[in-house]
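Chemist: kindly return the folded structure for what I paste below:
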Amino acid sequence: MAPNHFHQRNAIWIIFLAALVLRLTYIIFVPQLSGEELGDSWVYDDLALSLRSGEGYLEDVRWPPLYPTFLCGVYLIFGHGFFAVRIIQAVISSVSCVFIYLVARRCLTAKVALSAGLFSVFYPAFISYAGIPLTETLGTFLLLSFIYCLLSSLSSKKTLWLLAAGLSGGLLILCRSEMLLLGVFIILGMYILRQFNRDSFVKVIAIVLLSFLVCVPWTVRNYLLFDKFIPITARFNSTLWVGSYPEEWTEWHYDREPLKSLNCKTVIELDAKLGKLAFKNITTHPFIYVKLCVKKFFRFWIGGHSNTFKGLHQALSNTFGNLWVFLPKFLLLLLNLFLILSGFYGIFLSIKRHLNLCLILTLVIAYKAILHTILFSAPRYQLLVMPYMIILAVYAWDELFKHNYEKLT
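Modeler: Numbering: from 1, shown residues only. Presented below is the predicted three-dimensional model:
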């Protein structure tokens, strides 16, 4: 066995086992969120129970189907309860750490890749979200697998990588419907920036088409049930409305006006009405919408994910009188902000030095940030791009260290 393959295999096992031990320890011995703290988890739980009982997906088009299907599979094997879900998500999160190493290895040096993989092992948000029954952990894994297979297909002639990228991309969309146009965004970015050859361009187009093909059965199901073309979910207009509402809602309030008096019979009807109201909000108050977009951009990036830990769910401003709550929340916020700022510097360096494969990572980050700036934003939504921010942040630290070391010597 070649030395490089030997070291890579060792790195993979070290990263995976360290991540798994840490996540299992956290899930088994540390109190987890419960009750109302779990928020949308209960929606996914209801859908999974409906699937398990044979009632189907409740004719729901608000939520993409993959995560409830995943929960249903866990419930069928281990029974109803979140503990088994958390254990399996710990394994998935650990594999994601390995993928972070592998993606970084495709783009950068072995040292940067190993450092990024080890950093992800201890990154607090990856640990805490493994214990929460939400789409973040599975979505992060699927996006990483999609990007790794895409990068591998660009540097290989094997058709298997292209097929794997298409499959993982389709599953990603079925898990997180907002990722529907990520592939199109990557294609446009590659075309505009002209950093890739024609062969690479054609491969990415093929991967995106395969991703859409994976989603076709669900789209057909929606059309047969609702007599309407709904690729994955009917939530785009609703999300745009809440993100453009002048009163600046940061969450849904169905008991308040104007939602209270809309009296829509179906989710599709509600989404259509809110689409018209969103257009009215933007055209009537364009400067307010621009102001909201600026706030949404910063809301997307500024957060420490401390509310995912039991006992730290309060807003930071409400914890000044309790040092034991304020201090960990503040430190987590500082860590995340430092990581994100370092990641932006890594993006700058990678563009300056024409690191083409890093451009794919930058496009993923840009897609999520732009999408949630236009629509609706919360720090939770940044989690899917944090693997790439970690990779680029570690790259920036490595470059700064080398620069300073050269100056000293």
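Chemist: not counting sequence-adjacent ones, nearest residue to C149?
Modeler: Among residues not flanking C149 along the chain, A165 sits closest, at 3.6 Å (CB to CB, 6 or more residues apart in numbering). Yep, even glycine has a C-beta here, placed from its N, CA and C like the rest.
Chemist: distance check, that neighbour against S41.
Modeler: Distance, A165 to S41, by CB to CB, to the nearest Å: 30 Å.
Chemist: the two: which has the busier surroundings?
Modeler: A165 (28 against 19; other CB atoms under 10 Å).
Chemist: so the more buried one sits against S156, correct?
Modeler: No: here A165 does not reach S156: they are 10.9 Å apart, not a contact under CB atoms under 8 Å.
Chemist: could you report the neighbour count for R194?
Modeler: 8.
Chemist: can you list phi and psi of it for me?
Modeler: phi 50, psi 50 (degrees, to the nearest 10).
Chemist: where do the helices of the stretch 151-300 of the chain begin and end?
Modeler: 159-175, 182-193, 198-226, 236-244, 267-284, 286-301 (DSSP state H, counting those that start in this stretch).
Chemist: can I get these in TSV with mean pLDDT and distance to S93?
Modeler: As requested, the helices of the stretch 151-300 of the chain are exported to TSV (pLDDT from 0 to 100; distance: least, CB to CB, whole Å):
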stretch	mean pLDDT	distance to S93
helix 159-175	97	15
helix 182-193	94	21
helix 198-226	95	23
helix 236-244	94	26
helix 267-284	93	31
helix 286-301	96	22
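Chemist: redo those as TSV? Include distance to L363.
Modeler: Formatted as TSV, the helices of the stretch 151-300 of the chain follow (distance: least, CB to CB, whole Å):
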stretch	distance to L363
helix 159-175	14
helix 182-193	4
helix 198-226	10
helix 236-244	21
helix 267-284	26
helix 286-301	16
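Chemist: for the closest residue to N222 other than its chain neighbours, what are its contacts?
Modeler: Nearest non-adjacent residue to N222, counting by CB to CB, 6+ apart: I230, 4.1 Å away. Shown in contact with I230 (CB atoms under 8 Å, 6 or more residues apart in numbering): V61, T219, N222, Y223, I268.
Chemist: please tell me how far I230 sits from V184.
Modeler: 18 Å.
Chemist: cool, and T308?
Modeler: Taking CB to CB, one finds T308 at 31 Å from V184.
Chemist: of those two, who's got more company?
Modeler: For T308 versus V184, neighbours defined as other CB under 10 Å are more numerous around T308 (25 against 15).
Chemist: is it true that the more buried one touches I132?
Modeler: Yes: with contact defined as CB under 8 Å, T308 counts as touching I132 (6.1 Å).
Chemist: joint contacts of these two?
Modeler: L33.
Chemist: and the gap between the residue nearest to C149 and L150?
Modeler: In terms of CB to CB, A165 sits 5 Å off from L150.
Chemist: between the two, what contacts are shared?
Modeler: I207.
Chemist: where does the prediction get shaky in this structure?
Modeler: The chain contains residues with pLDDT under 70 at 1-6, 58-59, 409.
Chemist: just checking, Y254 touches K260?
Modeler: Yes: using CB under 8 Å, Y254 is in contact with K260, at 7.0 Å.
Chemist: one step back: so can I have CSV of the contacts of I230 showing neighbour count and distance to C175?
Modeler: Formatted as CSV, those follow (neighbours: other CB atoms under 10 Å; distance: CB to CB, whole Å):
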residue, neighbour count, distance to C175
V61, 24, 15
T219, 14, 15
N222, 21, 16
Y223, 13, 21
I268, 18, 21
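Chemist: nearest to G303, of the residues you listed?
Modeler: V61 (29.0 Å; CB to CB).
Chemist: contacting residues around the closest residue to the closest one other than its chain neighbours?
Modeler: Closest residue to V61 apart from its sequence neighbours, by CB to CB, 6+ apart: A234 at 4.4 Å. Applying CB under 8 Å, 6+ apart to A234 gives the contacts V61, R62, K228, V267, I268, D271.
Chemist: ok, which pair from these is furthest apart?
Modeler: Top of the distance list for the contacts of A234 (CB to CB): R62 and K228, 14.0 Å.
Chemist: who's more crowded, these two?
Modeler: More neighbours surround R62 than the other of R62 and K228, with 15 against 11 (other CB under 10 Å).
Chemist: over to that one. Which of the three states is it?
Modeler: coil (DSSP: H, G, I helix; E, B strand; the rest coil).
Chemist: I'd like to know how far it sits from N237.
Modeler: From R62 to N237 the distance is 12 Å (CB to CB).
Chemist: can you check A110 too?
Modeler: A110 is 47 Å from N237, by CB to CB.
Chemist: hmm, H7 and A110 touching each other?
Modeler: Yes: using CB under 8 Å, A110 makes contact with H7 at a distance of 7.3 Å.
Chemist: related to what we said a few turns ago, out of A110 and N237, which sits in the more crowded spot?
Modeler: N237 (20 against 14).
Chemist: got the contact list for that one?
Modeler: Going by CB under 8 Å, 6+ apart, the list of residues near N237 reads D271, A272, L274, G275, A278.
Chemist: count of residues packed around the second one?
Modeler: Translated: A272. 15.
Chemist: list the contacts for it?
Modeler: Here A272 is in contact with N237 (CB under 8 Å, 6+ apart).
Chemist: great, nothing more from me.
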